[in-house]
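Q: Let me see the structure of the following:
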Amino acid sequence: PVEILPTVGRKTPWSRFAAAFASGAVAFAAFVFGFYGLHPAVVLTVDANPSIELSVNHFDRVIGLKAMNDDAIPIVDALAWFNRTPESVLSSVYDELVAAGYVESGDVLLLGISGITAARSDAYETAFAAALSEATLLYMNDYRDTDSTVVLRASQAVQDSVDAAE
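A: I've put the predicted structure just below:
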């Protein structure tokens, strides 16, 4: 009996080049998207006595949630936050703060946004106002387009109450 083996085709130099190029492209894409996906672009701080810090990546997804003091640890532990939008995480944080008795509906919630320009912060502030319509929001933002000047901006509800008091 004779054994017939299949013939093995030889690889051409172009197929080796294509395989090397494809593996290089995959490594580059993994590096770029890994960097942008896991690197915080925006830091949002929620301060209502328990302070909580949200880290948001370049794709507008929450990649970090950190308790800034001991009172915030149970609130952070109770939340599912990874890869969610900042508005939904902020709404969940607010609900947990209300449930724990730290704030009541209509109380002032201090938010700090840093790492972005003033133009981008307007979009965040609009989204946060829609997500937290029952809270009075006060912003303290650190913009990157004005030599790191800290700007204190009150929401319209706070401004209306100040005008009424005057």
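
Q: looking just at contacts, which helices and strands does the helix or strand where residue 88 lies meet?
A: Element membership of residue 88, judged by DSSP states H and E, is helix 86-99. For helix 86-99, the packing partners by 3 or more CB pairs under 8 Å, 6 or more residues apart in numbering; DSSP states H and E come out as strand 42-47, strand 51-56, strand 62-67, helix 73-77, helix 118-131. Using the backbone N, CA and C atoms, a C-beta is placed for each residue, glycine as well.

Q: repeat that for 6 Å
A: strand 51-56, helix 118-131 (3 or more CB pairs under 6 Å, 6 or more residues apart in numbering; DSSP states H and E).

Q: Those: lowest mean pLDDT?
A: Comparing mean pLDDT over the helices and strands packed on helix 86-99, the weakest stretch is helix 118-131, at a mean of 85.

Q: in it, what's buried?
A: Neighbour counts over helix 118-131 (16 or more other CB atoms under 10 Å) mark 120-121, 124-125, 127-128, 131 as buried.
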